[in-house]
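J.: Here is my input, please return the structure:
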Amino acid sequence: MNFSTLYIIFPPNRALERAIANSIGLLSAEAAAAAAPDTQVAVADNFRYTRGNYEQHRYSARIYESLREALEAALADTGDTGETTAKISRAREPLVWAETQNNLGNILAALGQQRRDATLFERAILCFGKALEVFNQENSPLEWAATQYNLGTANQSLGRLQEATAPLKIAVDAYTNALLVWTRDNSPEDWMTTLHQLGATLHTWGKLLKGNRQFQKSVVAYKNALAALDADNYALELTATHNNRAVVLHHFGESEENAARLKEAINSYELALTVSMEQQLPIHVAVICRVNRATAQNVLAQLTNDAVLAEETADEFEVILECFPHALQPLCLKHCEEQKKKAQAQLQMNNSQVG
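T.: Next comes the predicted model:
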């Protein structure tokens, strides 16, 4: 079956931010100065929080390539006969070496997302694998859990890019490993973030397999993540979790042709919209939730042959197109126009049947 086009919200990647912060000292003063984000341009960024797992806003993405080169140079070692020796040696400083591999892996994965390059994601995954040769659950549990999380996120992104299930399976296993250490009691933020990413991975996996079992697990993971979230401290994360959980319920409802799941999705979209508006998140975030909600209403109207809901949905898309064109990405704008026509066609068909 063909699932509806829906929009996922991605919280900022704190692991990537930490990797940049930990590595920026390797750059020259001039190169490090380029890390400051450009705040002089007042144009709204309608792609913010929608680009993918490797999005962060604390530093400029222009320094990724410089950081990659600096980290690879710090780890470079040609062996006994070569002239190049590592500045950071596994033999001398195994924990520092492993953390540097983690940092390099996150930078490579960010570049992989920028360039839609599977090879860069694969190189990132190799870096996390090397770090796990040093970190283990018994002796360095927190570092081991963080590396498992990084491994999961890189594989999740690779699986989404390639539309392949094998990396997604690895991602699920890695996140599950991280949750062996990160619990709600001792690491609530890491626990919540891992469950959110587990939900995202299972959703992508479910879409590829058209498998309701993965959708069910995804809904549970997102629901559990909500237990550690509040609007005051995690407004974006709470909005994203409500919205993304609704996306899963939406696709689940389409898979089963289940009106009850679609109604549950609509309620979850409404919660996301409420949080985003009350916490004054960027307006395009609220518009994303509103577009997703209206799309679910359209599917429900088609499924239940509900003329009243079809008319309400057509009106909603008209309001979105008239009032928020500045907050819509080009493809989203096209999606809204198509959905409006679809709702209008449903309404006309119902009216002709009545007449």
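J.: contacting residues around the nearest residue to Leu120 once chain neighbours are set aside?
T.: The spatial neighbour of Leu120 that comes closest, neighbours along the chain excluded (Cβ to Cβ, 6 or more residues apart in numbering), is Gly112 at 3.3 Å. For glycine as for every other residue, the C-beta is placed from the backbone atoms N, C-alpha and C. Applying Cβ atoms under 8 Å, 6 or more residues apart in numbering to Gly112 gives the contacts 54, 118-121, 123-124, 154, 157-158, 161.
J.: what about this structure, any weak spots by pLDDT?
T.: Applying pLDDT under 70 to the chain flags residues 38-42, 78-86, 354-355.
J.: quick one, domains of it?
T.: With domains defined by automatic domain parsing, the chain comprises 1-210, 229-355.
J.: before we move on, back to that, quick one, which of the contacts of Gly112 are buried?
T.: Neighbour-count burial (16 or more other Cβ atoms under 10 Å) applied to these gives 54, 120-121, 123-124, 154, 157-158, 161.
J.: Now render the residues you listed as JSON lines, adding distance to Tyr269 and secondary structure.
T.: As requested, the buried ones among the contacts of Gly112 are exported to JSON lines (distance: Cβ to Cβ, whole Å; DSSP: H, G, I helix; E, B strand; the rest coil):
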{"residue": "Tyr54", "distance to Tyr269": "25", "secondary structure": "coil"}
{"residue": "Leu120", "distance to Tyr269": "34", "secondary structure": "helix"}
{"residue": "Phe121", "distance to Tyr269": "30", "secondary structure": "helix"}
{"residue": "Arg123", "distance to Tyr269": "37", "secondary structure": "helix"}
{"residue": "Ala124", "distance to Tyr269": "33", "secondary structure": "helix"}
{"residue": "Ala154", "distance to Tyr269": "29", "secondary structure": "helix"}
{"residue": "Ser157", "distance to Tyr269": "25", "secondary structure": "helix"}
{"residue": "Leu158", "distance to Tyr269": "28", "secondary structure": "helix"}
{"residue": "Leu161", "distance to Tyr269": "26", "secondary structure": "helix"}
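J.: how many neighbours does Val285 have?
T.: As a burial measure, Val285 scores 27 neighbours (other Cβ atoms under 10 Å).
J.: and if you look at Arg115?
T.: 11.
J.: where's it relative to Glu257, distance?
T.: Note on Arg115: its distance to Glu257, by Cβ to Cβ, to the nearest Å, is 39 Å.
J.: same question, Glu65
T.: From Glu65 to Glu257 the distance is 48 Å (Cβ to Cβ).
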